[in-house]
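Chemist: Build the 3D model from these lines:
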Amino acid sequence: MRKISLIIFLIALALVFSWSITVQAANNEFTASGDVTVELTGGNVTILSGSTAEIVDITGGVLTVSNPGSTSTPLFKLQPAGGGTVSIKATLNGADAGCSASTLVLPTTPGPYIVTPQNGQCSGAGGTGQTTGGGGGGTTTTTPTPTPTATSTPTTTTTVPAGVISNIGALGVDSKNVNLSLNSQINFTTSLSTAASASHSAKVTAVDTTNKKVTVVLQSDPVTIDLTLGEVKKVDLDGDGVNDISVKFNNLIGSTVDLVIANIANLEKIGLSAGDLIKTAKNSAVYYINSKGERHLFVNAVTFWTWYSGSWSKITYGTETKTIKIVSQDDFDQVALGANMTVKPTNKLIKFQNSPRVYVVTKSAILRQVVSGAGDNSVAKKLYGADYAQKVITIQDGFENDYTPGEALTDTSVAPTETEEISQLF
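Modeler: Coordinates of the predicted model:
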């Protein structure tokens, strides 16, 4: 039976050199003689001391446990170990085999179990980590019910012709997207930092199509702001020193001004701004705050590091230094939940755990295939070199719907290079 020091050494080699390893004793039995923490794609997992299995395999950041121990030998147990892991999910032949935010005990039914770190609480089938051991020795762990959170609704666009006044209703947890012409106006209601709700208006009073600049007047008490294309400004509508809304000059279509208006009073009251990174004290999941005041989940660490560089103790974005702000659960629940963060366009090649297909991500999270389902990698080699596999990161298959399928690239294609800034995503 192999010693745990050898296991750790082999795992370290796999992480450094991206090799595939198999921890397998001569008698086809693995036993953890101490707690072993392994770094997987998406987070860290600890194999608890005494866990047994026939084979423990780590390939490309994916943990496979074959034939976990039964009640006649110690069961195979795992726990979240940080680094993006909030809960752990296991699947057997693609079917859920358990999920837990505390201790996951693998079932004793023979087979290869894929162990996946989760960057959120368990949900859906397999939402509680459980197993039934032979002879009634099963263990059940119930996942805590997540606290309900505010969820943003899709942004809708209102087009207002020149000289027309339109009522767009209330700014709630969703933002308002409006297309305004010169001297057109919108009326809206919004809650302020004082929690009161009041009526306000926004009017485009000047449009410079050459330099792509606009002037917007907001009132009841008039506030005039000048915006350049892509710029976001915060506005204090009631003069109490706390900003209430943000206005973004989103686009210029001919002489029509595309604005995004969002209520940010809650963010301002809890000391948050667009571009902030946040988490709660009891949860390792990290979120990005956008200009609409929504929070967007980084589904795993590899997605996060396509946007940022440095280390967790010193995160950088371009020339900026970023820190992850710890917020209370009450404040966190007041921030509207937006779509998941996706991989930065053209930064890496990606694949999902359930398929050999490899893609490059292009703008708007479009997937362009470079390795086929049959494993044909000629396009990947042509566009990204013989060592293209070193550019590939693995995403949990549960997040595949965060992306949109696009047309596959061919060996006559040009490798996409166009990217976007994180502030342009939402």
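Chemist: where's Ala336 relative to Asp258, distance?
Modeler: 21 Å (Cβ to Cβ, to the nearest Å). Every residue, glycine included, has its C-beta placed from N, CA and C.
Chemist: measure stretch 160-177 end to end?
Modeler: 11 Å (Cα to Cα, to the nearest Å).
Chemist: Residues touching it, excluding its own?
Modeler: The contact list for stretch 160-177 (Cβ atoms under 8 Å, 6 or more residues apart in numbering) reads 150-158, 178-191, 197, 201, 245, 250, 258-263, 292-293, 336.
Chemist: next one: stretch 251-264
Modeler: By Cβ under 8 Å, 6+ apart, stretch 251-264 touches 155, 159, 171-173, 175-182, 188, 190-191, 202, 204, 207, 209, 212, 214, 216, 229, 234, 243-250, 274, 291-293.
Chemist: now with 6 Å?
Modeler: With Cβ atoms under 6 Å, 6 or more residues apart in numbering as the test, stretch 251-264 has contacts from 171, 175-181, 190, 204, 207, 209, 212, 214, 229, 245-248, 250, 292-293.
Chemist: Show me the domain layout of the chain.
Modeler: Per automatic domain parsing, the domain ranges recorded for the chain read 4-141, 157-268, 271-337, 349-424.
Chemist: Dump the ones you listed to JSON lines, plus mean neighbour count, mean pLDDT and distance to Val343.
Modeler: What follows is the domains of the chain, written out as JSON lines (neighbours: other Cβ atoms under 10 Å; pLDDT from 0 to 100; distance: least, Cβ to Cβ, whole Å):
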{"stretch": "domain 4-141", "mean neighbour count": "18", "mean pLDDT": "67", "distance to Val343": "12"}
{"stretch": "domain 157-268", "mean neighbour count": "17", "mean pLDDT": "87", "distance to Val343": "22"}
{"stretch": "domain 271-337", "mean neighbour count": "17", "mean pLDDT": "91", "distance to Val343": "5"}
{"stretch": "domain 349-424", "mean neighbour count": "16", "mean pLDDT": "94", "distance to Val343": "5"}
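Chemist: Please report phi then psi for Ala389.
Modeler: Phi and psi for Ala389, reported as degrees, to the nearest 10, are phi -60, psi -30.
Chemist: Tell me how far it lies from Val358.
Modeler: Taken as Cβ to Cβ, the span from Ala389 to Val358 is 8 Å.
Chemist: got any residues that touch both of the two?
Modeler: By Cβ under 6 Å, 6+ apart, no residue touches both Ala389 and Val358.
Chemist: spatially speaking, which residue is in the middle of the chain?
Modeler: Phe298 (2.3 Å; Cα atoms, centre = their mean).
Chemist: any idea how far Ile58 is from Lys344?
Modeler: On the measure of Cβ to Cβ, Ile58 and Lys344 end up 26 Å apart.
Chemist: right, and Leu106 touches Pro68 too?
Modeler: Yes - using Cβ atoms under 6 Å, Leu106 is in contact with Pro68, at 4.1 Å.
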